[in-house]
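Asks: how would this look folded up:
(chains A and B)
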Amino acid sequence: MNMKYNPREIEEKWQERWEEEQIFKVTENPHKKKYYLLEMFPYPSGKIHIGHVRNYTIGDVVVRYKRMRGYNVLHPMGWDAFGMPAENAAIEHGIHPARWTYENIASMRKQLKRMGFSYDWDREISTCEPEYYRWEQLFFLWMYGKGLAYKKSSTVNWCPRCRTVLANEQVEAGLCWRCGTGVEEQYLDQWFFRITAYIEELLDYCDRLPGWPEKVLTMQRNWIGKSYGCEISFPLAGATGEIKVFTTRQDTIYGATFMLVAAEHPLVMKLVKGKPRENEVREFVEKVKKQDRVLMTSEYYEKEGIFLDTYCLNPLTNKKIPIYAANFILADYGTGCVMAVPAHDQRDFEFARKYSLPLKVVIQRLDKPLNTGTMTDAYVDEGILINSGPFDGMENMKALEAIAEYLESRGLGKKTVQYRLRDWGISRQRYWGAPIPIIICKVCGTVPVPEFDLPVVLPHDVALTGEGGSPLAGHRQFAEVICPCCGAPAARETDTMDTFVESSWYFDRFCSPHHAFEPGLDKKKTDYWMPVDQYIGGIEHAILHLLYARFYTKMLRDFGVLSVDEPFTNLLTQGMVCKETMRCSEHGYLFPDEAKDGKCCHCQREVTIGKTEKMSKSLKNVVDPDYLIGEYGADTTRMFCLFAAPPEKDLEWSDQGVEGSFRFLNRTWRIVMDYLDDIRGVAPFNGGEALEDNLKNLRRKTHQTIRKVAADIEERFHFNTAISAVMELVNTLYQVERPEREDLKALSVIRETIETIIMLLAPIVPHITEELWMLLGYKTSLTDVPWPTYDSTVASEEEITIVIQVNGKVRGRITVPADEDAENVKSLAVSNEKISRLIAGKKVLREVYVPKKLVNIVIQEQGK
RNA sequence: GCCUGGGUGGCGGAAUUGGUAGACGCAAGGGACUUAAAAUCCCUCGCUCCUUUGAGAGUGUGCGGGUUCGAUUCCCGCCCCAGGCACCA
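Replies: All right, here's what the predicted structure looks like:
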């Protein structure tokens, strides 16, 4: 037998066969344990990139492994098909977003199939289809009915030249990415989902998701940002009224020497009304409003403020303190006003130094007293209260409670709980999204579209120019309707929904993807499949998508549609695949193949190498896997993506080393071919007879490898070490001396090893292993062969190496039987030739023995 | 700036619970095979030092400290990189 490994031929053959035999089609089966594995579905940007390949390969390995373990596995794929890039393509190239999207889907579907992923393609969904988003519109109506969807005024990025709303991504350094005009803030009435109605449950369950990475839960807890503190009223000086602040540091209230109000806060203009500074303050407020939100969070952002010619009174000291408007106070957190305690808060400290405002120390540190004249930073740690009236001498942590109660008892404040999480703004002034099913009638007000009129279908014929506001607003047939209540002419809501809404329930829809009856989810099926047992996706989604999906699940549960509290039992967050960005001053961001020798291939200008960032189409730093698949095949591409790093780690992309994966598959292929004729008629060794050393060692390695690979896949998804282990086994097999053709016992051990290698690799490289399996004489697909089991007696080592250290430094090694007792090991260590020389004449202070690992002999060192 | 992670040879990484640092692979160098090349197979490979060239000594996991018989692993401080920061998805 002398066949060469031909990946293209093998892969196409098996992909066809899997499809013909519908191997991956799945239905509910009450007699089997279900396993629902889901990878985050892609936005159809045009081509899959290495980040997708990595994500979907990880999922596919686990799916194929679980199948071999006997689970009834659901593994669907679909398209997060609404979104901005389609609209941008329409504006730039005149392609209709729908056409652009469907063409992209077609080519990406082809690429995914070429990778050999085991999806049940009958369940494919695209969120831009009315059959999908009609249910989302229904859920919106239910939410509206319950007050979970509501409208309020909030700000957007506004380009005054294009007269359009910009996404944060479309704002570059405070300027519109298309025309370079300075971006402004504008208020619009927009739709919100009341995620805060579920805030306590969302927080509570952060402690009840043991299958989630702790870092993701920590990020979500911090995002929700529950904090306990006080709302305190500061009366205005010389006027009626008061300013309410929220603080978690009421222990420092005696040190509050000025007041800060968010520049955008309506209170600012109210306070300076009619005062000489009114115009100056208005200019400041306008300037802050224009400051880009991204800029606001950047490093070169300078803290600025302006005095409002107004004072209020510190309610406990009754001292007059000045009120400033500032650009770093958040208008929509707490009350939008902050009592500034410059001695004990770093931001306040910097502000006070800039505007020469007084510092007052109210918490004294224990080691050396603070001096307001010489302090270079705020003191934010614990200490004893001073300058704090009746609370002097109290520990500040105790004063938190005491001062809160004191304020409460005198009616000056109350203990409150504050959250950082805001309600979810879902309005988008864009075309390519799910329409919001609402009608605005001059007579009846806000009127929900009647359920029997759903779906509100997105019209096809719109003009997309990137200018002049929401494209749907200009579509008369769509926007002009008859009010369902009074029959008068009315206007349709022309905002569309945030695409995060579609991705908040697609996993439910996958359970019954074609269910055409209300509410679009077949309860019997969602009850069988949900929750998702394993969800896999990029760490980038740790907060927004995952929090929204959790909220939406709870809400659908309360509407009786779902029976689960949480959508994802186990979560694996893969690290980002990163690559450097490249920019040309004329052509903007460049794809990797648009640059040659540091020059832009369009204009020969010098290319600027930017930061290394996660691959994304907008930065064009994407690597298309096609060249890898073409050169080496899907199996090599899959294996290399897994071998490069463990899944949770970020990866700076380089295809250096892909040859190694290809070589390994060739090496595996060759050794099976080499033995094929000799082992074809031989059954794998079953342990009946005693084995001589070399075969015994091979068999031990085989069983150890089964143990290691299963543990690596099941317990920690570390496919790189699983692959290493199989590589070692293949290396070991190469080392074994070729047995005679008549030595059936030896050949049966070889066959056991070869079958094991094939089965262990099956989830990782499914095509080559199917082919080899068939060549070994099997008729059924490897996809449903049971995962091999190991014999722990066979796998256990008879001899182990013990390291001998002297004062913590490795000085020798001894080999002992695995069950050697402690005393023997210690005396063997001490009597070892080299060790005895090293410790001769020295006093042994201590002997540490770590069973099966090492002996550390601690001796008195010279001169001590 | 704030929140969350990460940093180990020339490179990707391994060391799973505080116990042999560098598994496995890439690159590099050497050898075998070949008319030749490719492929394949074998060997070497953290760094420094040497008048014991060795089963040698020292040093080494971003930097500086600490705890411990023993630290890549735990603690404190710092530097750098990545993800998120609510309209990219």
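
Asks: pLDDT score for residue A:111?
Replies: At residue A:111, the model reports a pLDDT of 97.

Asks: so what's the nearest residue to it once chain neighbours are set aside up against?
Replies: Nearest residue to residue A:111 in three dimensions, chain neighbours excluded: residue A:48, at 4.8 Å (CB to CB, 6 or more residues apart in numbering). Yep, even glycine has a C-beta here, placed from its N, CA and C like the rest. Shown in contact with residue A:48 (CB atoms under 8 Å, 6 or more residues apart in numbering): A:42, A:108, A:111-112, A:624-625.

Asks: Narrow those to those that are buried.
Replies: A:42, A:108, A:111-112, A:624-625 (16 or more other CB atoms under 10 Å).

Asks: Closest to the centroid, which residue in chain A?
Replies: residue A:539 (2.3 Å; CA atoms, centre = their mean).

Asks: The residue nearest to it when sequence neighbours are not counted: which element?
Replies: What sits nearest to residue A:539 in space, not counting adjacent residues and going by CB to CB, 6+ apart, is residue A:573, at 4.2 Å. Per DSSP states H and E: residue A:573 is located in strand A:568-574.

Asks: can you dump the C-alpha coordinates of that strand into PDB?
Replies: Provided in PDB are the C-alpha atoms of strand A:568-574 (Å, rounded to 0.1, in the frame of the first residue of the first chain):
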ATOM      1  CA  PHE A 568     -25.900  29.500  28.900                       C
ATOM      2  CA  THR A 569     -24.800  26.900  31.500                       C
ATOM      3  CA  ASN A 570     -21.200  26.800  30.500                       C
ATOM      4  CA  LEU A 571     -19.300  29.600  28.700                       C
ATOM      5  CA  LEU A 572     -15.900  29.400  27.000                       C
ATOM      6  CA  THR A 573     -14.600  32.800  26.100                       C
ATOM      7  CA  GLN A 574     -11.900  32.500  23.500                       C
END
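
Asks: Return the residues of the stretch 51-200 of chain A in contact with RNA strand B.
Replies: By CB under 7 Å from any atom of the strand, the residues of the stretch 51-200 of chain A that approach RNA strand B are A:80, A:82-85, A:156-157, A:165-170, A:188, A:190.

Asks: Could you work out the most separated pair of those residues?
Replies: Distance extremes for these: the farthest pair is A:80 and A:188 at 25.1 Å, using CB to CB.

Asks: higher neighbour count, the two?
Replies: Between residue A:80 and residue A:188, counted using other CB atoms under 10 Å, residue A:80 has the larger neighbour count: 20 against 15.

Asks: doesn't residue A:43 make contact with the more buried one?
Replies: Yes. Using CB atoms under 8 Å, residue A:80 is in contact with residue A:43, at 4.9 Å.

Asks: ok, which residues in the stretch 751-864 of chain A are in contact with RNA strand B?
Replies: Counting by CB under 7 Å from any atom of the strand, the stretch 751-864 of chain A sits next to RNA strand B at A:801, A:803, A:805, A:807-811, A:813, A:834, A:846, A:848, A:850, A:853-854, A:856, A:858.

Asks: quick one, strands of the stretch 501-650 of chain A?
Replies: Ranges of strands in the stretch 501-650 of chain A, per DSSP state E, counting those that start in this stretch, are A:532-538, A:568-574, A:577-584, A:588-589, A:595-596, A:599-600, A:607-614.

Asks: As a markdown table, these with mean pLDDT, distance to residue A:14 and mean neighbour count would be great.
Replies: Below are the strands of the stretch 501-650 of chain A laid out as a markdown table (pLDDT from 0 to 100; distance: least, CB to CB, whole Å; neighbours: other CB atoms under 10 Å):
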| stretch | mean pLDDT | distance to residue A:14 | mean neighbour count |
| --- | --- | --- | --- |
| strand A:532-538 | 97 | 24 | 22 |
| strand A:568-574 | 97 | 26 | 21 |
| strand A:577-584 | 88 | 27 | 20 |
| strand A:588-589 | 88 | 38 | 14 |
| strand A:595-596 | 82 | 38 | 14 |
| strand A:599-600 | 86 | 42 | 18 |
| strand A:607-614 | 88 | 33 | 14 |
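
Asks: Any idea which of the ones you listed gets closest to residue A:374?
Replies: Of those, nearest to residue A:374 by CB to CB is strand A:607-614, at 39.4 Å.

Asks: Could you give the number of residues near residue A:268?
Replies: Neighbour tally, residue A:268, other CB under 10 Å: 27.

Asks: With the one 5 residues further on instead?
Replies: In terms of burial, residue A:273 registers 9 neighbours under the definition other CB under 10 Å.

Asks: same check, this time on residue A:846
Replies: 8.

Asks: what's the answer for the one 10 residues further on, then?
Replies: Using other CB under 10 Å, residue A:856 has 19 other residues around it.

Asks: Ok, residue A:646 next?
Replies: Quick note: residue A:646 (other CB under 10 Å) scores 17 neighbours.

Asks: Do I have it right that it meets residue A:718?
Replies: Yes. In this structure, residue A:646 is within contact of residue A:718 by CB under 8 Å, at 4.9 Å.

Asks: OK, contacts around the residue nearest to residue A:539?
Replies: Applying CB under 8 Å, 6+ apart, the residues near residue A:573 are A:213, A:215-216, A:537-539, A:541-542, A:648.

Asks: ok, those residues vs residue A:238, which is closest?
Replies: residue A:542 (49.5 Å).

Asks: And the pLDDT at the closest one?
Replies: At residue A:542, the pLDDT recorded in the model is 95.

Asks: Once you drop chain neighbours, what's closest to it?
Replies: Nearest to residue A:542 is residue A:216, by CB to CB, 6+ apart, at 4.6 Å.

Asks: So what does that neighbour have for phi and psi?
Replies: phi -70, psi -40 (degrees, to the nearest 10).

Asks: For it, list the residues it contacts.
Replies: So residue A:216 contacts A:539, A:542, A:546, A:571, A:573 (CB under 8 Å, 6+ apart).

Asks: What of residue A:160?
Replies: A:181-182, A:184.

Asks: In helices, which of the residues of the stretch 751-864 of chain A next to RNA strand B appear?
Replies: residue A:834 (DSSP state H).

Asks: hmm, which of the residues of the stretch 751-864 of chain A next to RNA strand B are the buried ones?
Replies: A:805, A:811, A:854, A:856, A:858.

Asks: now, among those residues, which is nearest to RNA strand B?
Replies: Nearest to RNA strand B among these: residue A:856, at 3.9 Å, using CB to the nearest atom of the strand.

Asks: which residues does that closest one bridge with?
Replies: residue A:805, residue A:848 (DSSP bridges).

Asks: ok, and the closest residue to residue A:684 other than its chain neighbours, which helix or strand is that part of?
Replies: In this structure, residue A:684 finds its nearest non-sequential neighbour in residue A:752, 4.0 Å apart by CB to CB, 6+ apart. Residue A:752 is part of helix A:744-761, with elements assigned from DSSP H and E.
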